[in-house]
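Engineer: structure for this input, please:
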Amino acid sequence: MDGTESRKLPRVPENLLKRRKKYQGLKAAEAKRALEEKRKLQPGKQIKFKRLETFVRDSRRKMRDDSRLRRMQIYKKKIPNISSKKLAFVVRIMDIQGVNQHVLRILKTFRLGKMFSGVFVKLTPETITMIQVIEPYVAWGFPNLKSVRELILKRGQGMVKGKKMPLTDNNMIEEQLGRVGIICLEDVIHELYSAGENFTEVNKFLCPFQLSVARHAGVNRKGYLTELGDPGNRGVGINELIRKLN
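Structural biologist: Numbering: from 1, shown residues only. Next up is the predicted model:
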């Protein structure tokens, strides 16, 4: 043997090849039927699996909201040092899955649909009561002129014909708010900070401010990001939070 002869490969019997081909066809047909059944359940969507812990968490959160709202009806909570304040800034810092429907309606009224979104709110007895209802899910306080200006200049967007547009053109502002005497960016800032007569029109024109959170921000035992701290009334401390997230 000089090593020049070709090595013979082991042959597979023909009946075994036919059996393998038939088995592969059956598996492909089974996978196709399974995919069709899944699409019948939710066309175009994947089935979402929810763990038991999620249902327990949502149930406890709803029960907690229900009991808290009952207590609020009996014991009227007063917010200190608010008589001279006209403007508040509210930031959503907590997931709202499983919350009470009343809480959910107020969050939608304030347009706090996304996490870390913030809005300006004109303080009246009605809005103060609404803020107290959603307090476990938001951080809020009294912004100063510098915070209002920085939010408008950096993250301000207006809704024009159903589209979000950055506030970079005074002509656009005049077209949308000129009927109420608002013709430039400085007028928008002044109207918001002073909570003037046309505050509702200006606030409706503005989109909620989408703030940013650092990726390294950890979650504490309560479920809140450590970068944001606990929810509730921050007072003038909301300005520090705005600097951190803006």
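Engineer: okay, CA-based contacts and neighbour counts for the rest of this
Structural biologist: OK.
Engineer: tell me where this protein has strands.
Structural biologist: Secondary structure of the chain by DSSP state E: the strands cover 87-92, 117-122, 138-141, 157-160, 163-166, 209-210, 232-235.
Engineer: contacts only, for residue 115.
Structural biologist: 92-95 (Cα atoms under 8 Å, 6 or more residues apart in numbering).
Engineer: report the buried members of those.
Structural biologist: Buried by 16 or more other Cα atoms under 10 Å: 92-94, out of the contacts of residue 115.
Engineer: residue 202: which of those residues is nearest?
Structural biologist: Nearest to residue 202 among these, counting by Cα to Cα, is residue 92 at 20.9 Å.
Engineer: what's near enough to touch the closest residue in space to the closest one that isn't next to it in sequence?
Structural biologist: Of all residues not flanking residue 92 in the chain, residue 138 sits nearest, at 4.3 Å (Cα to Cα, 6 or more residues apart in numbering). Residue 138 makes contact with 90-94, 231-232 under the criterion Cα under 8 Å, 6+ apart.
Engineer: about what we covered before: in the contacts of residue 115, find the pair that's most separated.
Structural biologist: Most distant of these, by Cα to Cα, are 92 and 95, 8.3 Å apart.
Engineer: intersection of neighbour lists for these two?
Structural biologist: If you check residue 92 and residue 95 against Cα under 8 Å, 6+ apart, the residues they both contact are 115, 137.
Engineer: can you name the two of the contacts of residue 138 that are farthest apart?
Structural biologist: Farthest pair in those, by Cα to Cα: 90 and 94, 12.2 Å.
Engineer: against residue 172, how distant is residue 122?
Structural biologist: Residue 122 sits 24 Å away from residue 172 when distances are taken as Cα to Cα, to the nearest Å.
Engineer: contacts for stretch 163-182?
Structural biologist: Here stretch 163-182 has contacts from 152-153, 155-160, 183-185, 188, 198, 201-202, 205, 207, using Cα under 8 Å, 6+ apart.
Engineer: for it, what is the average pLDDT?
Structural biologist: Stretch 163-182 carries an average pLDDT of 89.
Engineer: buried ones in it, by neighbour count?
Structural biologist: Buried-residue list, stretch 163-182, by 16+ other Cα under 10 Å: 165-167, 172-174, 176-177, 182.
Engineer: repeat that for stretch 147-162.
Structural biologist: Going by 16+ other Cα under 10 Å, stretch 147-162 has these buried residues: 147-149, 151-153, 156-158.
Engineer: ok, back up a step: closest one of the buried ones among the contacts of residue 115 to residue 107?
Structural biologist: Distances from residue 107 to the buried ones among the contacts of residue 115, taken by Cα to Cα, are shortest for residue 92, at 8.7 Å.
Engineer: quick one: the closest one and residue 129, what's the gap?
Structural biologist: Applying Cα to Cα to residue 92 and residue 129 gives a distance of 17 Å.
Engineer: distance between the helix ranked longest in the chain and the chain's centre?
Structural biologist: If you go by DSSP state H, the chain has its longest helix at helix 14-41. Distance of helix 14-41 from the chain centroid (Cα atoms, centre = their mean, to the nearest Å) equals 43 Å.
Engineer: ok, the most centrally placed residue in the chain - contacts?
Structural biologist: Most central in the chain under Cα atoms, centre = their mean is residue 114, positioned 1.5 Å from the mean C-alpha point. For residue 114, the contact set (Cα under 8 Å, 6+ apart) comprises 92, 210.
Engineer: okay, now the unreliable bits of this structure?
Structural biologist: The chain contains residues with pLDDT under 70 at 1-10, 12, 41-49, 76-83, 214-227.
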